[in-house]
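In: Sequence first, predicted model second:
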Amino acid sequence: MRWSGAVLAGGRSSRFGQDKALYVYKGKPLIAWVLDSMAGASERLVIANRPYPGLEVYPDLWRGGDTLSGLHSALAHAQQDWVGAAACDQPFLSQGFWSFMLEHTRANIQAVVAVSDDFYEPLGALYHKSLEPEVLRRLEAGNLKMQALLHDIPLISLDKRALEARFGSHLFLNANRPQDLP
């Protein structure tokens, strides 16, 4: 199946103390780990509001909406129906993980996400392009909560613990500080 991969790198990295995307972890920048996990995608997009050397970057089309703004831009720019969305600080995602997630796509759903105790993991997830108008409507209304979006749309939820058992305990780790990385 053809799909688009989108790395969201639009945060300010204020708690991290430096640009997370460029932080070198085990020999390469965090953003490179995430992009490598998406090597099976027919295209890989970087969504950010600043340049990254050597990468084509797409800015938020609707600023100020945090993760929802990044998701909107990813859906708007993607050429494929399914878009894998990840944060720039999720270095433990893998090609195998994305392949597994893609196996769970179905007609009439708009997302494939991990869930644990009614909390959906909004990144490290798949979204269908048909969701773009709803995301834009929420941005325009100032309804920026990703959890609210995920609770309102048709989706397939996969058990987060089972995914971590299969692909590694740090699968959904996102690093807010350098010391969060193992």
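Out: Structure's in. What do you need?
In: Figure out how far the longest helix seen in the chain is from the centre of its chain.
Out: As assigned by DSSP state H, the longest helix anywhere in the chain is helix 66-77. With C-alpha atoms, centre = their mean, to the nearest Å as the basis, helix 66-77 stands 10 Å off its chain's centre.
In: Toward the C-terminus, what is the element adjacent to it?
Out: Once the chain leaves helix 66-77, the next helix or strand it forms, by DSSP states H and E, is strand 82-87.
In: What is that next one packed up against?
Out: Under the contact criterion of 3 or more C-beta pairs under 8 Å, 6 or more residues apart in numbering; DSSP states H and E, strand 82-87 touches strand 4-8, helix 30-37, helix 66-77, helix 95-102, strand 119-128. (C-beta placed from N, C-alpha, C; glycine too.)
In: try 7 Å
Out: When contacts are defined as 3 or more C-beta pairs under 7 Å, 6 or more residues apart in numbering; DSSP states H and E, strand 82-87 packs onto strand 4-8, helix 66-77, strand 119-128.
In: Take those and write them to TSV, including mean pLDDT.
Out: Compiled in TSV, the helices and strands packed on strand 82-87 are given as follows (pLDDT from 0 to 100):
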stretch	mean pLDDT
strand 4-8	98
helix 66-77	96
strand 119-128	98
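In: Give me whichever of those is most buried.
Out: Among the helices and strands packed on strand 82-87, the stretch with the highest mean neighbour count (mean count of other C-beta atoms under 10 Å) is strand 4-8, at a mean of 28.
In: And the contacts of that one?
Out: Contact partners of strand 4-8, identified using C-beta atoms under 7 Å, 6 or more residues apart in numbering, comprise 31, 34-35, 38, 41-47, 67, 70, 74, 78-80, 83-88, 123.
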